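Participant: Here is my input; please provide its structure:
(2 chains)
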Amino acid sequence: MMIAVLIVHGLFAVTLLGAITHQIVAALRAKPARGPSFIEHYTGVNQRVFTWAVVILYGTTTLSGAIIYPSYRLNVRVPFEEMSLGWAVGLFELKEHFGGLGLCLLPVYAWLWQPQQMQSHARDRLAITAILGFIVWWDFLVGHVLNNIRGLP
Amino acid sequence: MRLRFSPITFMLAYCLVYIAALLWDLPAFLYYPLHGQLSWGPEVVKGLGPAMAWYGIMAEAALIAAILAVIVPDRWFANHMQNVLWAVPVTAMIICTFLMRTFFG
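Facilitator: As a prediction, the model looks like this:
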């Protein structure tokens, strides 16, 4: 059962990773997309649609992570401690806390991408989106590395 | 009176409460995955196996932040903290990293 939730968690995470990265690249590109190239198409995203996709995907990814967390605590962290892999436990602790802090960014992130805020808070909008992007990439990579060291039984 | 949720207040309060709970080890409750039990407060109950504080910290931060976000309007923060809002979660993440340094020593 937990393996199934872990796979779903991973699939949500990959989708979220793609969405947030796509949005950040588009936000960094000042000019609106017009040409036929891949880059033009890649950056020509509907920011409002992507914002809601990121909020929903972040929520579902965190929820599925919270479901498998007890299994990690018992079946992965304890062996890590027995193997003296303190750095691996530390990486997961950071994943857990960054992920938890990322939740509180979602309301302000959604607010900043509303049309009413488009003329103000430009730096906040880009920075908050980039912080969410960093958290998603960090959590994904750490989760992947730790799962390679010792996966859920 | 119409209640209005303030996203900036929520973010600021959540970061502050989360870091305070982490710093002083004050989760609202602990979860014991071995027995599937909860205990209120930060005191670890012996004999129940490893305790998890993350759920308790998040629930505590979310609840307090949600209450404050309804009470405190974010107009002041939106005007006075324009374009520096990002500094709050970044600072919270740096403090988290500092607190976790013992795992890497």
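
Participant: can you count the residues close to residue 51?
Facilitator: Unless you meant another one, I'm taking chain A. 22 (other CB atoms under 10 Å in any protein chain shown). Just so you know, the C-beta spots here come from the backbone N, C-alpha and C atoms, and that holds for glycine as well.

Participant: Hmm, no, I was thinking of chain B.
Facilitator: For B:A51, which is what you asked about, the neighbour count (other CB under 10 Å) is 21.

Participant: Make sure it is actually in contact with B:L30.
Facilitator: Yes. At 4.2 Å, B:A51 counts as touching B:L30 under the criterion of CB atoms under 8 Å.

Participant: any idea how far the residue of chain A found nearest chain B lies from A:E96?
Facilitator: Proximity of chain A to chain B (CB to the nearest CB) peaks at A:G90, 2.6 Å away. Counting by CB to CB, to the nearest Å, the gap between A:G90 and A:E96 amounts to 11 Å.

Participant: rewinding a little: list the helices and strands the helix or strand where the residue of chain A closest to chain B lies packs on?
Facilitator: A:G90 is part of helix A:86-112, with elements assigned from DSSP states H and E. Other elements packing on helix A:86-112 under the criterion 3 or more CB pairs under 8 Å, 6 or more residues apart in numbering or on different chains; DSSP states H and E are helix A:47-72, helix A:78-82, helix A:122-149, helix B:7-23, helix B:54-71, helix B:87-99.

Participant: Do me a favour and average the pLDDT over that helix.
Facilitator: Along helix A:86-112, the predicted local confidence has a mean pLDDT of 95.

Participant: so how far is it off the chain centroid?
Facilitator: Mean C-alpha position of helix A:86-112 versus that of the full chain (CA atoms, centre = their mean, to the nearest Å) differs by 9 Å.

Participant: Go through that helix and flag the buried ones.
Facilitator: If you call a residue buried by 16 or more other CB atoms under 10 Å in any protein chain shown, then helix A:86-112 has these buried ones: A:88-109, A:111-112.

Participant: At the geometric centre of chain B, which residue do we find?
Facilitator: With distances taken as CA atoms, centre = their mean, B:Y18 lies nearest the centre of chain B, 2.1 Å away.

Participant: How about the contacts made by B:V72?
Facilitator: B:S6, B:T9, B:A13 (CB atoms under 8 Å, 6 or more residues apart in numbering or on different chains).

Participant: okay, now the second one: neighbour count?
Facilitator: The local packing count at B:T9 equals 24, with neighbours defined by other CB under 10 Å.
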